[in-house]
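Asks: Sequence and predicted model, in that order:
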Amino acid sequence: MSYQTILTDLAANGILTITLNRPDKLNALSQQVFNDLADAFAKAKADAKVKGLIITGAGPKAFCAGADITRLADADAIHGRAFAEEGQAVFKQLETLGKPSIAAINGYAFGGGCELAMGASIRIASHNAQFGQPEVKLGVIPGYGGTQRLAKLVGKGRAMDLCLTGRFINAETALAWGLISEITEPAELLTRAEAILSDITRMAPLAVASMLTVINQGFDLPLDDALQLEAIHFGWLCASKDKQEGTRAFMEKRPAKFEGC
Ligand code: COA
């Protein structure tokens, strides 16, 4: 499948790499980028050959420099709300794909770029990456989930700091704050993302899908409801063939061969 603003590459091991491909505009999120991402995420969800996703940016400077400011400049109240809801829906698609995703952040992740990365299951970054929610400098607030997912990932105080000042932080600070889980050399970023994802895709697919659902949905529930959700998924997984295989393989001291059922 070919797109105008993104590149997609499905490897034999089921890892789909999606590269934002507007390097001259620092991979900013135009309407066409959202259309392309929405289509690619929908197809990735439906395609059993896709086991996991890597999202990265083309060019040496940027993962993604955020929402397209030229489009924002023309938005009135009605269009502004639609602008936010549309981006939120696409990033929610990524979060609820039922398959693991890694944002491999190769440079600037500002505004919508940081929000796109936060829709992924895991974030790793190269040394030269920078992060920020600079919307306040444009007279708005983050609109693609940044006010919510950032606070959940790094805590309310640090989210307030980044969103209110619009300042940028480097990869070391992002790691210390828990916004990313690992830093690599730029040349090793994609290899490392592939290694993490292929480890995950060797696990039992139903357990991986449940993990994504229970952690994401449970985070927004009162503890007792979240624990119920965990117990329901745990019980359901206990009825799977893969749980029989996983426990038997442990006892037989051999690697498990999971089938996704
Ligand atoms: N939307 C639209 N175009 C953008 C963009 C965005 N969010 N971010 C960068 N671009 C474009 C620039 O307009 C420029 O295009 P041009 O060459 O046609 O003039 C090109 O990308 C390169 O950007 P430039 O600003 O020249 O690069 P830089 O290295 O000097 O600065 C940034 C990099 C990221 C600091 C700067 O581009 C910036 O502040 N971008 C906006 C970040 C932002 O506020 N994001 C949140 C949006 S809600």
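Replies: On my side now, so go ahead. This is a predicted model, so every value here is computed, not measured. Numbers count the residues shown, from 1 in each chain.

Asks: rest of the way, CA atoms for contacts and neighbours
Replies: Will do.

Asks: This structure: strands as residue ranges?
Replies: 6-10, 15-20, 52-57, 62-64, 101-105, 108-110, 122-126, 130-132, 168-170, 182-184 (DSSP state E).

Asks: The last one - contacts with which helices or strands?
Replies: What that stands for is strand 182-184. In terms of contacts (3 or more Cα pairs under 8 Å, 6 or more residues apart in numbering; DSSP states H and E), strand 182-184 is packed against strand 122-126, helix 171-177.

Asks: With respect to A48, which of those lies nearest?
Replies: A48 lies closest to strand 122-126 among those, at 21.0 Å (Cα to Cα).

Asks: if we can go back for a sec, in CSV: the helices and strands packed on strand 182-184, plus mean pLDDT, distance to K152 and mean neighbour count.
Replies: CSV is the format used below for the helices and strands packed on strand 182-184 (pLDDT from 0 to 100; distance: least, Cα to Cα, whole Å; neighbours: other Cα atoms under 10 Å):
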stretch, mean pLDDT, distance to K152, mean neighbour count
strand 122-126, 98, 14, 25
helix 171-177, 98, 11, 17
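
Asks: Which of those sits closest to K45?
Replies: That would be strand 122-126 among the helices and strands packed on strand 182-184, by Cα to Cα, at 17.4 Å.

Asks: mind listing what the closest one pairs with, with the direction of each?
Replies: Applying DSSP bridges to the sheet, strand 122-126 is found paired with strand 101-105 (parallel), strand 182-184 (parallel).

Asks: Which among those strands is found nearest to the ligand?
Replies: strand 101-105 (13.8 Å; Cα to the nearest ligand atom).

Asks: Can I get the closest one as PDB, trimmed to CA atoms?
Replies: What follows is strand 101-105, C-alpha atoms only, in PDB (Å, rounded to 0.1, in the frame of the first residue of the first chain):
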ATOM      1  CA  SER A 101       3.600  -0.300  19.100                       C
ATOM      2  CA  ILE A 102       6.900   1.500  19.700                       C
ATOM      3  CA  ALA A 103       7.500   5.100  18.900                       C
ATOM      4  CA  ALA A 104      11.200   5.300  17.800                       C
ATOM      5  CA  ILE A 105      11.800   9.000  18.300                       C
END
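
Asks: Distance check, E230 against the ligand.
Replies: Plainly put, E230 is 36 Å away from the ligand if you go by Cα to the nearest ligand atom, to the nearest Å.

Asks: Could I get the full set of helices for the stretch 151-261 of the chain?
Replies: 156-165, 171-177, 189-201, 205-218, 223-238, 241-251 (DSSP state H, counting those that start in this stretch).

Asks: Which secondary structure elements does the first one sit against?
Replies: Counting contacts by 3+ Cα pairs under 8 Å, 6+ apart, helix 156-165 packs against helix 146-154.
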